[in-house]
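Trainee: Starting from these lines, generate the structure:
(one chain, ligands or ions: 1)
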Amino acid sequence: MKSRFAPSPTGFLHIGGARTALFAWLWAKKNESNFVLRIEDTDKERSTQASVDAILEGLDWLGLDYDEGPFYQSDRFDRYNEVINELVSKGQAYYCDCSKERLESMRESQIANKEKPKYDGCCRKKSLKNGVIRFLNPDEGHVSFHDYVKGEVSISNSELDDLIILRSDGTPTYNLTVVVDDHDMQIDCVIRGDDHINNTPKQINLYEAMGWNVPKFAHVPMILGSDGSRLSKRHGALNLLSYRDEGFLPDALLNYLVRLGWSNGDQEIFSIEEMIKLFELKNINNSPASFNQEKLEWMNQSYIKTISLGKLTEHLNWHLDRLNINLDNGPEINQLIEFLRERSKSLVDLAQSCIMFYKDFEAFDEAQANKTFKAGSKEVLQDLVSQLSKVNDWNSNNIHSVIELICEERNIGFGKVGQPFRLALSGDGKAGSIDKSAQFVGKERTLSRLEMAIDWINSQHN
Ligand code: GLU
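Mentor: Sure thing, here's the model as predicted:
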């Protein structure tokens, strides 16, 4: 058995598309079937290589691996022509040379008469040899199918047009190519956005004209923005890869997307294995779901806290590389991540918190330094240098004891030591627990940063 994802490479991979891909992938995994990737690039004007690359990169990032493909429709024009010729020779398709003007005025008068605009079949019997090619849609009867999400769908053939299957420039149209491919690629279940549901009856007539089996269908509702309108740019990022760039874990995004439109009781958190085990097309909601950025962020943060260290580092490394962080130049990364992950909101946030442990900074944040490095802090920083240089076993407990000792000796609160120490260590004051941070920064670097802070105070007060 097989399912497929069939994006058109005419823009970036949208998160709605990613969710469709996820549902088709889950169906394939659940049924121990193959997942096919097909790039629908027959529209040469609008298809771009950059968009193909974004689809491949996006699926790879999500971990939605395909067993077959990517197939490109642009490689299959001969096959489409073969099918179109067969339909013509069987009398199930015909050439039409109606002018644009004729079609336009027909349309206008149909609209004026409150009729559904539709080709009138004028060229059906003309046996022409050029023009566009139209499919001869049956006049009588109904097309009915069972949709896993929408239930029973039925439409009268009298409502359906003789659709164009070959344009005048010789290119086949979507409804024809999708049927040929889903047949040739032996797709059992077509899972796609419900913006295509009106195409399905036309496609079923094409399958039947060719004497082919009709696959099963599941039309997935759209994703809406938080205000109930169709999800668009003004609701935030739509491009799947911008979620990677903003520091989301693919597992968190997949979990969020699967819940958007599908449910298993009240359960919120699903590992990929659980999704595969529990996924059923019939549990996809029949009404559109609203995208909620805060919930996605919450999901991401909870995944950052709990996901296996192996998976976390795999995705964090991409962000560390982006920040040019050289892991040889600081503490063992896994231990550092265990320390930082608790308070990280995203992978970007986590990667940024790593910087101070691997890179030295040139200067302190000016505003912070003016506020924190008062003349009185100099003695405290000097105490830290002299006491900490005596610490042989460099760990957070010993560092903590040093801070406590200085507080006691000088009879000052923890903040009076902690604040200048934190700024000296981090350069911008953004660091978690000070003793742990100092442990990970390392003894030598800690001492040299404290000296740098003392120099800064000297330079201000000379
Ligand atoms: N290429 C179509 C699209 O991107 C999808 C076609 C289908 O899934 O049948 O909207």
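Trainee: Spell out which residues of the protein are next to the ligand.
Mentor: 6, 7, 8, 40, 178, 192, 196 (CB under 6 Å from any ligand atom). Backbone N, C-alpha and C define where each C-beta goes, glycine included.
Trainee: Mind jotting down where the helices sit in the stretch 301-450 of the chain?
Mentor: Secondary structure of the stretch 301-450 of the chain by DSSP state H, counting those that start in this stretch: the helices cover 309-322, 333-340, 347-358, 366-372, 377-388, 396-410, 414-426, 434-441, 443-461.
Trainee: Please tabulate these in TSV, including the columns mean neighbour count, mean pLDDT and distance to residue 79.
Mentor: Formatted as TSV, those follow (neighbours: other CB atoms under 10 Å; pLDDT from 0 to 100; distance: least, CB to CB, whole Å):
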stretch	mean neighbour count	mean pLDDT	distance to residue 79
helix 309-322	16	97	39
helix 333-340	17	96	51
helix 347-358	21	98	43
helix 366-372	14	95	66
helix 377-388	18	97	74
helix 396-410	16	97	67
helix 414-426	21	97	62
helix 434-441	22	98	60
helix 443-461	16	95	64
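Trainee: just to revisit the earlier point, which one (most neighbours) among the residues of the chain next to the ligand?
Mentor: Counting neighbours by other CB atoms under 10 Å, the top entry in those is residue 6, with 27 neighbours.
Trainee: Helix, strand or coil: sort out the closest residue to that one other than its chain neighbours for me.
Mentor: Of all residues not flanking residue 6 in the chain, residue 38 sits nearest, at 4.5 Å (CB to CB, 6 or more residues apart in numbering). Secondary structure, DSSP: H, G, I helix; E, B strand; the rest coil: residue 38 is strand.
Trainee: what do you get for residue 55?
Mentor: helix.
Trainee: Likewise for residue 3?
Mentor: strand.
Trainee: That one: neighbouring residues, count only.
Mentor: 27.
Trainee: Residue 47 too?
Mentor: 20.
Trainee: And what about it, helix, strand or coil?
Mentor: coil.
Trainee: What are the boundaries of the strands in the stretch 151-300 of the chain?
Mentor: 151-156, 164-166, 189-193, 216-220, 223-224, 289-290 (DSSP state E, counting those that start in this stretch).
Trainee: could I get these as CSV with mean pLDDT and distance to residue 260?
Mentor: What follows is those, written out as CSV (pLDDT from 0 to 100; distance: least, CB to CB, whole Å):
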stretch, mean pLDDT, distance to residue 260
strand 151-156, 97, 21
strand 164-166, 97, 35
strand 189-193, 97, 13
strand 216-220, 97, 10
strand 223-224, 90, 6
strand 289-290, 89, 4
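Trainee: got TSV for these, with distance to residue 338 too?
Mentor: Listed next are the strands of the stretch 151-300 of the chain as TSV, based on distance: least, CB to CB, whole Å:
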stretch	distance to residue 338
strand 151-156	49
strand 164-166	59
strand 189-193	39
strand 216-220	39
strand 223-224	35
strand 289-290	35
